[in-house]
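**Q** Structural data only, the sequence is not supplied:
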């Protein structure tokens, strides 16, 4: 199977497109998917390799608007060109996730994604899992501008996250020091 | 003048807030403002220093939604905490601009902004002027999701930008080489 | 449990506050706690996340003086904003510990903590365990300025540390070389 | 003028295509052109921006073989995607030149170009002018595999370069030291 | 003049010692001195080179306590050993200032100062002028633990610094954008 | 066995020479060999250490043309001088592969190979296995300029690579999200 | 045992002193010792911590000449001050070995050792085991200037090392490729 | 003039050879020459380019011993192979000076020189002028092992250098602070 048509089948009416250069990026990018799943935002997962399937990249990026996509999350590692090239072919917001690379730990991925020239932005998140999760949350934050329901869910998510930190206080040991004179 | 009240006066109904740690960041951040000006997006420019005016930071970030702000652009240099701390106090999209620092050329700014933990995203752009301009364009792209007019303007802007590259072809010299046998 | 009140219970009259962004920082930060324990300096351990509990951060930093805290040790990793933001809201000495991060090994943590702008200092220690231990010792050194007892303990601690190096000489092998003519 | 047709006019039968993201890259890339000029290798200079003219990029890369191009030299700075994306759409040798960037001095350009994934190579040269010159010489070396004339020219060029170093000996001062006993 | 005696003359009863490897560090270190001057904290400025005057270094560090010094501020660049070696010979708090170096912009200075092993802390500030200023402020913060007068001065200084940011709001241009429909 | 003669025996009429500083580089460099094997390009594998066998290096580089070698692939790690020194002694195309080093993960290897001065190019690939594989593919692309058969094989290889990405789509999970109102 | 006297007992008439900050550096530094052992150069191994035993450092460095030491090899990691401080107190050649550190892989060690100011040199070797081995070989090379015997041994060592590379050729696989037409 | 013979004429009986890749390195390397001049050590200055005159490099390195050279100082920038390749062909001590490069400020030069594999050492000094000066001083220190006269000169040089620091004390301003109560 080698034509671009067959790629668009899996999801019904996705508004967020998660694309990645290789299935080996999935353990990172699934953290974005998990967030969208949790918020009930329709999305799709696609392998779109800037370097090995440039035709698919062009197709995906140029058709995203008409297909109803509103935000694209693109993850890639090393000389990570997927987010920037996607951004060159759509005016939709593109969120870039630098996947941690083997030799340079994602510093190459980060610089390849974030240092875009004036005119074609990629909104870049942190290297690795945290960045993928935050790409999901950024997509939700963007979509929440047009959805009070999603805004409420996001605020609730954040409140829960805050509460979890308060609760974790009990996991730290309580000191038993004998005070000196100070 | 030292209270947070007086800060909110200048602009009528801004939807994008451009904040920066110091007026010395303005030569960078004005590239974001110029884009918003060009697209007719109402915005405001504010000095909000994470380190020197934390109270104002809290006030600005927590009131942004109720004041009608939809996207926040935050620029800072060095140990650049403004974007991340703003993001910690609002669920609005926060776009971070790493201002080029003196000693480390903005590498410190970039890492301080982009390497946010999972849960609190900052959507980061390139170091310096290009990043500020792209923060402006990212804000437009986000707002365009709810405005066909803005989407049309953005597509026109990008088309013009593309045309300018085609036109610049004539500025390169035409080779006058004498071919060898190949 | 989600309110800031309940956080302040564990320790009676602490003079050093050890705060960290997450319980996952504890394996690093406990090296600071161990030093304070050893010197009998009353301290407390708290999870205060700059990004997930900004309200608690404000509360902790602004009330530290009145609560009798004299030195704050703050550890964080990645885009490590906790030490700097604490320093923005208290005039107490703030000691920053860059926790070793996954992708960039703490270089991001270090730069996020140490590169503070003029006016709001964070006194930064080394990345990881050594830095946490040294934050503890720095706190002791600061408090020793007002306590001859603590100064004596600190000098004894250092003398013991020096003696341990002398003693370790015996752990190195003794060469059995046959000298050449030189 | 905004269509891809008009771009292909300037040079008659070029075998090397020099492409760059912007006319601002010309002061670097002209060092490649100078070499080709000196060796009499027909070439063309084109502005092809991966991010601002992706359509032209696709067009240029996919038509290069049929247009008679044998080697492509691509220069770009920052998040430098031009060389890698060109390489994704042609099986011709692609030589990448990292243009020195403002904030990060071309380290971002270098990593964005060289760290290509297995399967799609970009043959990368040094940052800046030296790299551009060497891209020209690499193109000559590649073409010389099929041209004894070019091989002879290249060997002569290198011999002259070597002689220039010998001649430069006279430009160093002759020491006038008074020897001690050694 | 080459003996250590004559070094101790200039200041009457200093409590902060500012030392630096060379007079060429003074343009950086004077920012520390200016703060101490402003707060009325008695201090002294000394050239103590770890590498060229190790005897003076030993003398300075070992006699600091008995001379009444309470805090030492040490600035150095490149392979910056002065702060760490001072810390090895006194249990007083040592504040390290990485002076911006020529080739590596102070990254070498920073790592040489901050990466101290567990047991011998140097409390490190930012690279360059900001770091020197903050070393001065850190010394004040430490001394303020034993002086309500100094604490009040420090709080006033910080309040003034905060007010200056509020006042600077007027220096930013007020946007004149024509809002689109959003 | 210690003379250069015996080195040239193993392969009959190789056109690509794969050289490396040590047999410990083989696990990296075999990825180049595998490609040449797959494309049926005659090649040879040699250990040529710039630092431990400089005489062999001179011999290998200066005799490569007369021995029928057309492209040299040179891999080395750390202070990686093999590619550049080979390039200094032959006008053949030299492809450099930075082997991942222990302490600095190949950043030292990369800079040592790629930052060649104007006049003596090394065409550098990515750090590690991907770079070695791409060196093999680059050699094929260069040789394909003189072989329609090889060009066809290369295009087929790339098409297969593209198809594999399309096929991998099925390996990603299909989201089961429940859409919210957007 | 805590006085400097007892440190000098183990070796009879050493001419090379190997010192290190901690016994934990031994697995690295033993590679220097092995070389000296192999060449029959009398040496001694000592733990001398710049930060924990500064008195011993002063003692060791200032007495080295009178004790008959001719070359000092100093290894340290992180903020590695031992080589530079030793060099500040002796005019003997000091060879510095950057021990690989945990967080920054020895980049901090390297910069702390090599970036010495003009006037006080440390002759620095590579990070880790290779550097330690090479420090041993450098000491031999220096001593060989005054010993024909040692020079002969060193030349023999290098010849053997070269021969080993020639012999290793057989460990590489012999390609079995079927040549295409080129 | 293009043969290696004519290179050896300028100096009568040099014991230190200063070599550099290009006359453009002279402004750095003259700091090494100045030291040797000052100490009356006979030396020579030669342009020996590893990449453009490899034949001369082989000639220079292999004949150094027989020509009476005892120490070689080699300076180079970027992919700096001169020191390491010289070291591969002589068992004399080789001192490497990383010349500050344009794009990467000498970090590439430093890593290319210092990260030598076990077996072939280059004794590396700091980046730029300080490193060149220290290479001169290292050569003196090495030669002083066989010359009491040179040792005395070196000790005098260092004593003068120390005295200069003491004298510079007067160049620092004397504080005029009004002490607070501490």
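**A** Thanks, I have the structure now. Since the model is a prediction, treat every value here as computed from it, not as a measurement.

**Q** what residue lies at the spatial centre of chain A?
**A** Ranked by distance to the mean C-alpha position of chain A (CA atoms, centre = their mean), the top residue is residue A:135 at 3.1 Å.

**Q** Please, which helix or strand holds that one?
**A** Assigned by DSSP states H and E, residue A:135 belongs to helix A:129-143.

**Q** Return the list of helices and strands in contact with that helix.
**A** Helix A:129-143 sits against helix A:26-39, strand A:71-77, strand A:94-99, helix A:148-168, with contacts defined as 3 or more CB pairs under 8 Å, 6 or more residues apart in numbering or on different chains; DSSP states H and E. (Each C-beta comes from the backbone N, C-alpha and C, glycine too.)

**Q** let's go with 6 Å and repeat that
**A** helix A:26-39, strand A:71-77, strand A:94-99 (3 or more CB pairs under 6 Å, 6 or more residues apart in numbering or on different chains; DSSP states H and E).

**Q** show me the contacts for the residue of chain A at minimum distance from chain G.
**A** Shortest chain A-to-chain G distance, computed as CB to the nearest CB: residue-wise this is residue A:105, at 10.5 Å. Taking CB atoms under 6 Å, 6 or more residues apart in numbering or on different chains as the contact definition, residue A:105 lies against residue C:103.

**Q** where in chain A is pLDDT low?
**A** Scanning chain A for pLDDT under 70 picks out A:1-12, A:176-182.

**Q** do you know how far residue A:173 is from chain E?
**A** With distances taken as CB to the nearest CB, to the nearest Å, residue A:173 is found 20 Å from chain E.

**Q** That residue: which element?
**A** If you go by DSSP H and E, residue A:173 is not part of any helix or strand.

**Q** what's the nearest residue to it if we skip its chain neighbours?
**A** residue C:45 (6.6 Å; CB to CB, 6 or more residues apart in numbering or on different chains).

**Q** Give me the distance between the closest residue to residue A:104 other than its chain neighbours and residue A:101.
**A** Distance criterion CB to CB, 6+ apart; nearest residue to residue A:104, sequence neighbours excluded, is residue F:105 at 6.3 Å. According to CB to CB, to the nearest Å, residue F:105 and residue A:101 sit 10 Å apart.

**Q** cool, and residue A:166?
**A** 36 Å.

**Q** So which of these two has more stuff around it?
**A** Comparing residue A:166 with residue A:101 by other CB atoms under 10 Å in any protein chain shown, the one with more neighbours is residue A:101, at 28 against 19.

**Q** Confirm that one sits in a helix?
**A** No: per DSSP: H, G, I helix; E, B strand; the rest coil, residue A:101 lies outside any helix segment and is coil.

**Q** Neighbours of the nearest residue to it once chain neighbours are set aside, how many?
**A** Spatial nearest neighbour of residue A:101, excluding adjacent residues (CB to CB, 6+ apart): residue A:77 at 4.5 Å. Neighbour count for residue A:77, taken as other CB under 10 Å: 29.

**Q** correct me, but residue A:77 touches residue A:109?
**A** Yes: the pair residue A:77 / residue A:109 is scored as a contact, 4.6 Å apart, by CB atoms under 6 Å.

**Q** residues shared between the contacts of the two?
**A** A:99, A:101.

**Q** Confirm the residue nearest to residue A:173 sits in a helix?
**A** No: looking at residue C:45 with three-state DSSP, it is strand, so not inside a helix.

**Q** any idea how far it is from chain E?
**A** Residue C:45 is 19 Å from chain E, by CB to the nearest CB.

**Q** from memory that residue sits against residue C:20, does it?
**A** No: in this structure, residue C:45 is not within contact of residue C:20 by CB under 6 Å, at 7.8 Å.

**Q** returning to that earlier point: need the winner for burial among the helices and strands packed on helix A:129-143.
**A** Counting by mean count of other CB atoms under 10 Å in any protein chain shown, strand A:94-99 has the highest mean neighbour count of the helices and strands packed on helix A:129-143, with a mean of 32.

**Q** now that strand and helix A:26-39, what's the angle there?
**A** Going by axes from the mean of the first three to the mean of the last three CA atoms, to 10 degrees, strand A:94-99 is angled at 140 degrees with respect to helix A:26-39.

**Q** Is strand A:94-99 in proximity to chain F?
**A** No: judged by CB under 6 Å from any CB of the partner chain, strand A:94-99 and chain F are separated, with a smallest distance of 13.7 Å.

**Q** how much does that strand deviate in direction from helix B:129-143?
**A** Using the same axes, to 10 degrees: strand A:94-99 against helix B:129-143 is 120 degrees.

**Q** Output the contacting helices and strands for the very next helix or strand once past strand A:94-99.
**A** Later in the chain than strand A:94-99, the nearest helix or strand by DSSP H and E is helix A:107-114. Applying 3+ CB pairs under 6 Å, 6+ apart, one finds that helix A:107-114 contacts strand A:94-99, helix D:107-114.

**Q** and if we set it to 7 Å?
**A** Helix A:107-114 is packed against strand A:94-99, helix B:107-114, helix D:107-114, with contacts defined by 3 or more CB pairs under 7 Å, 6 or more residues apart in numbering or on different chains; DSSP states H and E.

**Q** ok and that helix relative to strand A:71-77, angle-wise?
**A** Between helix A:107-114 and strand A:71-77, the angle comes out at 150 degrees (the same axes, to 10 degrees).
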